[in-house]
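K.L.:
have a look at this prediction, sequence included:
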Amino acid sequence: MIRRTSRRLPAQRESEISDLAEAVAVNCLGRIDPLRIARSLGITTSFGDYGNAFDGMLEAAAGKFHIFCNLNRVETRDSPRARFTLAHELGHYYIDEHRCALLSGRAPSHPSFCDYSSPHLVEVEADSFASALLMPWSRFRSAAVQAKRGLPGIVELASFFQASVTATALRYLQADLFPCVVVKWDASGYCWKRLSQSAYATGLRKTVERLDRLPRDCPTSRVLRQGAGLAEAGTTKAAWFPFVSSASESNSIFLEQAISLGRFGVLTFLFPA
Ligand SMILES: [Zn+2]
């Protein structure tokens, strides 16, 4: 389970959604192809430029479903972001409550943004489905154990599963191989953070949440300025977790890794060295 600081799913619900997605994934040989899954369900798709209105949207009309996918934000039909978007919309289809609400008209079609920023429960549920579909647990965990530690390993896993770096980093947190924290930033500042279960248990809950509190030459600041690349440097627990004073015995050496997400900002990955 990932500890969120924003709205999170109860463990039971997360497990149900994961089981639902894995039951779909188990019928797919090789790389999971959400577009093929949509076609097999008779769900039609449109790829177009819809400005910044959404990443994806599932529409129901006359008992049929259609997915709109925004090339302006996902770039290509087969990009990791497009795959996550399609998988997220499939989540709205497969999760009974979402599908029934759409079909009955109780819930209108809504724009989905697949960057884990939404606090809305239905979006968190669809994100959870997408993650479990694209990175089935049994395949993911064994690959994560063998991957390099931290962001370099997450980049390898993202490439293997053809998933976005952000989605892969959050799946990696779920594996909880060691205490780790992911913080998402964009040019305007802090967006959100997620903690692995063991990071939460050891009290690594409050992080720096302002760009102007970060050293100018730290990996996060540098990568955000450059708009590209991956950087890594040693840091201290006290530098990132304000409740730890630099003189305290609980202060220790951490690694700070940061990777550019292009126009979508930067991801920071923190863990004890
Ligand atoms: Zn959605």
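P.N.:
Okay, I see it.
K.L.:
dig out what residue 271 forms beta bridges with.
P.N.:
Per DSSP bridges, residues listed as beta-bridge partners of residue 271: residue 255.
K.L.:
that one contacts residue 253, doesn't it?
P.N.:
No - when contacts are counted by Cβ atoms under 8 Å, residue 271 is not listed as touching residue 253 (10.5 Å). To be clear about C-beta, it is placed using only N, CA and C from the backbone, and glycine gets the same treatment.
K.L.:
more neighbours: which of those two?
P.N.:
Per other Cβ atoms under 10 Å, whichever of residue 271 and residue 253 has more neighbours is residue 271, with 20 against 10.
K.L.:
any figure for the gap between the more buried one and residue 78?
P.N.:
32 Å (Cβ to Cβ, to the nearest Å).
K.L.:
now do the helices in the stretch 51-200 of the chain.
P.N.:
With helices called from DSSP state H, counting those that start in this stretch, the stretch 51-200 of the chain shows them at 71-74, 80-94, 96-104, 121-134, 137-146, 151-161, 165-175, 197-201.
K.L.:
so after the last one, what's the next helix or strand?
P.N.:
Per DSSP states H and E, the first helix or strand lying C-terminal to helix 197-201 is helix 219-226.
K.L.:
rewinding a little: residue 63: which of the helices of the stretch 51-200 of the chain is closest?
P.N.:
Nearest to residue 63, of all the helices of the stretch 51-200 of the chain, is helix 96-104, at 6.9 Å by Cβ to Cβ.
K.L.:
just how off-centre is the closest one within its chain?
P.N.:
24 Å (Cα atoms, centre = their mean, to the nearest Å).
K.L.:
ok, now stretch 120-130?
P.N.:
Centre to centre, stretch against its chain (Cα atoms, centre = their mean), the figure for stretch 120-130 is 11 Å.
K.L.:
mind listing what's buried in that stretch?
P.N.:
122-130 (16 or more other Cβ atoms under 10 Å).
K.L.:
the ion contacts on the protein?
P.N.:
112, 123, 126 (Cβ under 5 Å from the ion).
K.L.:
dump those residues to JSON lines, plus distance to residue 87.
P.N.:
Formatted as JSON lines, the residues of the chain next to the ion follow (distance: Cβ to Cβ, whole Å):
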{"residue": "112", "distance to residue 87": "11"}
{"residue": "123", "distance to residue 87": "13"}
{"residue": "126", "distance to residue 87": "9"}
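K.L.:
closest one of the residues you listed to the ion?
P.N.:
Taking Cβ to the ion as the measure, the ion lies nearest residue 112 of these, at 2.9 Å.
K.L.:
for the residue of the stretch 151-273 of the chain found nearest the ion, grab the count of nearby residues.
P.N.:
Going by Cβ to the ion, the ion is nearest to residue 167 of the stretch 151-273 of the chain, at 14.1 Å. Counted with other Cβ under 10 Å, residues neighbouring residue 167 total 26.
K.L.:
just give me the neighbour total for residue 107.
P.N.:
15.
K.L.:
quick one, what contacts it?
P.N.:
Listed by Cβ atoms under 8 Å, 6 or more residues apart in numbering, the contact partners of residue 107 are 98, 101, 122.
K.L.:
so, low pLDDT: which residues of the stretch 1-150 of the chain?
P.N.:
Along the stretch 1-150 of the chain, segments meeting pLDDT under 70 span 1-7.
K.L.:
center of this structure - which residue?
P.N.:
residue 167 (3.0 Å; Cα atoms, centre = their mean).
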